[in-house]
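[1] The following comprises the amino acid sequence and a computationally predicted model.
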Amino acid sequence: MRLFRLPPAPASAQVTVHVDGRALSVAAGLSVAAALLGHGVTPFRRTPVSGAPRAPLCMMGVCFDCLLCIDGEPNQQGCLATVREGMHIQLQDGAAQLGGE
Ligand code: FES
């Protein structure tokens, strides 16, 4: 069940992002978290210790439950990042590796 619905945006105001290899057309200017929630993507990550699912809560950079790997950079706050054409987003499962590969 989707908790959020976004109003339709004109095709000219859309960008394509890739979420775990799946192309999604989203409104330009949205935060990554809002765009993914609008497409029913949840959870965004699972915790390293218990594997508990997490999804955005505060949408303002406080809770860190929206962490994603964005364009190869792990632990990015989806609520503070803006979608860009061709952006690659990966959901995080457990602890993200730090310092590159
Ligand atoms: S949703 Fe809370 S930090 Fe992003």
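    Structure received.
[2] leaving aside the residues next to it on the chain, what's closest to Asp74?
    No Asp there; residue 74 is Pro. Nearest non-adjacent residue to Pro74, counting by Cβ to Cβ, 6 or more residues apart in numbering: Ala96, 3.3 Å away. Any C-beta I mention is one placed from the backbone N, CA and C, and that applies to glycine too.
[3] Looks like Arg45 contacts Leu91 (just checking).
    Yes. Assessed by Cβ atoms under 8 Å, Arg45 is found in contact with Leu91 at 6.2 Å.
[4] is it true that the residue nearest to Pro74 touches Cys69?
    Yes. Using Cβ under 8 Å, Ala96 is in contact with Cys69, at 6.4 Å.
[5] Between these two, which contacts overlap?
    Asn75 (Cβ atoms under 8 Å, 6 or more residues apart in numbering).
[6] Show me where the protein has its helices.
    Under the criterion DSSP state H, the chain contains helices at 32-38.
[7] contact partners of the worst-scoring helix or strand of it on mean pLDDT?
    Every helix and strand of the chain was ranked by mean pLDDT, DSSP states H and E. The lowest is strand 92-93, at a mean of 89. With Cβ under 8 Å, 6+ apart as the test, strand 92-93 has contacts from Phe44, Arg45, Arg46, Leu67, Leu68, Cys69, Pro74, Asn75.
[8] strand partners of that strand, parallel vs antiparallel please.
    According to DSSP bridges, strand 92-93 forms sheet pairs with strand 45-46 (parallel).
[9] Might you calculate how far the strand it pairs with sits from the centre of the chain?
    On the basis of Cα atoms, centre = their mean, to the nearest Å, strand 45-46 sits 11 Å off its chain's mean C-alpha point.
[10] starting at the chain centroid, how far to stretch 29-46?
    Offset of stretch 29-46 from its chain centre (Cα atoms, centre = their mean): 4 Å.
[11] Just the endpoints, please. Distance across it?
    Start and end residues of stretch 29-46 are separated by 27 Å (Cα to Cα, to the nearest Å).
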